[in-house]
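**Student:** structure for the following, please:
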Amino acid sequence: MVAKKIYSLLLVCLSFFQAVAQIEKEVAPPFNIKSVAFVQNGNITIPIFRLGEPFQFEFDDVYGNEADYYYTITQYNYDWTPTDLGKAEYLQGMDNQRIINYKNSFNTLQLYSHYTQAFPNRFNQILLTGNYMLKIFNSQQELVFSRKFIIYEERVPVATLVKRSRDLETIDKMQNLYFTINTGNYLLQNPNQNVKVALFQNGKFNNAIYNIKPQYTIGADLIYRFDKETSFWGGNEYLNFENKDIRAVANNVGHVSAGEIYNSHLYMNTSRKNAGYTYYPDLNGSFLPNNLNAEDNTIEADYAWVYFTLNTNTFMDKNDVYISGMFNNYALTPEFKMDYNADKGLFEKALLIKQGFTNYEYVIADKNGKIDHQNAIDGNYWQTENNYFVLVYYRGNNDRYDRVIGKGMATSVNITN
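**Tutor:** Residues are numbered from 1 along each chain as shown. All right, here's what the predicted structure looks like:
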């Protein structure tokens, strides 16, 4: 009897670890792949799209050898585990198609090939809402990198407000989301169990909040008015630099030097953790490739080595410091990890970045890659301007996938007590 119980327990544990192992994570691109972005209406955007809306996926290969790349589209559940659906159920047509739209850079010191893939296209179209992963493969069918994106429908409205934290310990540092899902005439089976939400700050996946149940219901409304469970650290406004004229000093570029390509040396940054909040307009982490003298920035904007220097006023020997933003998908990889110069007492790093206007931030993470948002280098302030997204997922009792039936948006510009 004891042996049977132990065996059953082992099976349960094995099933648990298998389920955890199946959670899909993004694969960061190698060094030669740069400026990866989802684009809509000509603008780099957060990858949350309404079903049927057109968008593009773009990236550069700085090897510039016109390599062949292929893509696949895969649907996932709310928790990024594999869906039960067959590909033909959520994708019309066939994927594993070669990206045929590419151009080589023009009049740049750094040679690169720029790739663009439009969706939907003549080969395939996404039929259902949900979580998706776009995977890019090389000609040997080896995975090069992958990116998450989400497709939604507006079946239920989501009224969203940004509030200051109600916790006295974090009232000056955190921002809290209040939101209401109005199911209206859209009949939902057991909404308290079958409705799930995902909360995003500036569209980032690395600090998203999941698995929040409604606090209570009133008629057709699901009410979420928690004091802590839906709170985000406010952070600070993003830092930025602009080198659209790559040969001249400009916004936060201290001096420029020339080699095989240009080098943009930024002014040294210092920790803003105890400096108080200062309003400074930003792109909430985004970037905008731009060459002042170009007609087509996708192929005429050049690349530069950008030199970052950070004085944190302390050596964080137990944590790593990374340079982060949409330009690198907030990746915590060795390429973006800063080096500590013990002689100067400073963190330093040079990154190859496409010229233009770039938002960035410094983040600290432990050896396992867990970001310490609470002790952010530039501090946390309730006044910080952030954009928030609330996505509503629903799986009926007989459904085989998690559909996304609503999206709410709010900005902390209108934050209230």
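
**Student:** switch to C-alpha atoms for all contacts and neighbour counts from now on
**Tutor:** OK.

**Student:** residues near the nearest residue to residue 371 once chain neighbours are set aside, how many?
**Tutor:** Spatial nearest neighbour of residue 371, excluding adjacent residues (CA to CA, 6 or more residues apart in numbering): residue 365 at 4.2 Å. Per other CA atoms under 10 Å, the neighbour tally for residue 365 reads 18.

**Student:** contacts only, for residue 365.
**Tutor:** Going by CA atoms under 8 Å, 6 or more residues apart in numbering, residue 365 touches 319-322, 371-372.

**Student:** show me what it bridges to in the sheet.
**Tutor:** Here residue 365 sits in beta bridges with residue 320, residue 371, going by DSSP bridges.

**Student:** could you do residue 136 as well?
**Tutor:** Bridge pairing for residue 136 - DSSP bridges - gives residue 71, residue 145.

**Student:** when you give positions from now on, start the count at 883
**Tutor:** Yep, numbering from 883; the last one is residue 1018 now.

**Student:** need the pLDDT of it.
**Tutor:** On pLDDT, residue 1018 comes in at 98.

**Student:** shouldn't it be in contact with residue 952?
**Tutor:** Yes - using CA atoms under 8 Å, residue 1018 makes contact with residue 952 at a distance of 5.6 Å.

**Student:** still on that earlier bit, distance-wise, check the residue nearest to residue 1253 relative to residue 1089.
**Tutor:** 13 Å (CA to CA, to the nearest Å).

**Student:** where does the protein dip in pLDDT?
**Tutor:** Residue ranges of the chain with pLDDT under 70: 883-903, 1197-1200.

**Student:** would you map out the domains in it?
**Tutor:** What the TED database lists as the domains of the chain is 915-1034, 1040-1116+1265-1293, 1121-1247.

**Student:** ends of the second one, what's the gap?
**Tutor:** It stands for domain 1040-1116+1265-1293. Termini of domain 1040-1116+1265-1293 sit 14 Å apart (CA to CA).

**Student:** next: the longest one.
**Tutor:** By CA to CA, the extent of domain 1121-1247 from end to end equals 19 Å.

**Student:** how far out from the middle of the chain is that domain?
**Tutor:** Counting by CA atoms, centre = their mean, to the nearest Å, domain 1121-1247 is centred 18 Å from the centre of its parent chain.

**Student:** before we move on, what about the second one?
**Tutor:** For domain 1040-1116+1265-1293, the distance between its averaged C-alpha position and the chain's averaged C-alpha position is 18 Å (CA atoms, centre = their mean).

**Student:** how many neighbours does residue 1217 have?
**Tutor:** 16.

**Student:** which phi and psi does it have?
**Tutor:** Main-chain dihedrals, residue 1217, degrees, to the nearest 10: phi -60, psi -30.

**Student:** does it touch residue 913 like I think?
**Tutor:** Yes - between residue 1217 and residue 913 there is a contact at 7.5 Å, judged by CA under 8 Å.

**Student:** residue 930 contacts residue 1034, doesn't it?
**Tutor:** Yes - contact status for residue 930 versus residue 1034: in contact at 7.4 Å, counting by CA under 8 Å.

**Student:** between these two, which one's more packed in?
**Tutor:** Using other CA under 10 Å as the criterion, residue 930 and residue 1034 rank with residue 1034 on top: 22 against 17.

**Student:** thought that one was touching residue 1012?
**Tutor:** Yes - with contact defined as CA under 8 Å, residue 1034 counts as touching residue 1012 (6.5 Å).

**Student:** overlap in contacts of the two?
**Tutor:** With CA under 8 Å, 6+ apart, residue 1034 and residue 1012 have common neighbours 1285-1286.

**Student:** can you tell me which of the contacts of residue 1247 comes closest to residue 1071?
**Tutor:** residue 1253 (37.1 Å; CA to CA).

**Student:** so the closest one versus residue 1021, what's the distance?
**Tutor:** 35 Å.

**Student:** same question for residue 1005.
**Tutor:** When residue 1005 is compared with residue 1021 (using CA to CA), they lie 19 Å apart.

**Student:** and residue 1069, how many neighbours?
**Tutor:** A count of nearby residues for residue 1069, using other CA under 10 Å, gives 10.

**Student:** which parts of stretch 1277-1285 are buried?
**Tutor:** 1277-1278, 1283-1285 (16 or more other CA atoms under 10 Å).

**Student:** equivalent analysis for stretch 1157-1176, please.
**Tutor:** Those would be 1159, 1164-1173, for stretch 1157-1176 by 16+ other CA under 10 Å.

**Student:** same deal with stretch 959-969?
**Tutor:** 959-965, 969.

**Student:** off-centre distance for that stretch?
**Tutor:** Put simply, stretch 959-969 sits 20 Å off its chain's centre (CA atoms, centre = their mean).

**Student:** what's the span of it, first residue to last?
**Tutor:** From its first residue to its last, stretch 959-969 covers 14 Å (CA to CA).

**Student:** what of stretch 1253-1267?
**Tutor:** One end of stretch 1253-1267 to the other measures 20 Å (CA to CA).

**Student:** could you give me the buried positions within that stretch?
**Tutor:** Buried residues in stretch 1253-1267, counted by 16+ other CA under 10 Å: 1253, 1255, 1258-1267.

**Student:** cool, and stretch 1145-1161?
**Tutor:** Applying 16+ other CA under 10 Å to stretch 1145-1161 flags 1145-1151, 1153-1155, 1159 as buried.

**Student:** from those residues, which land in strands?
**Tutor:** Cross-referencing the buried residues of stretch 1145-1161 against strands under DSSP state E gives 1145-1148, 1151.

**Student:** got these as TSV, with distance to residue 907 columns?
**Tutor:** Shown next, in TSV, are those (distance: CA to CA, whole Å):
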residue	distance to residue 907
1145	33
1146	33
1147	34
1148	33
1151	32
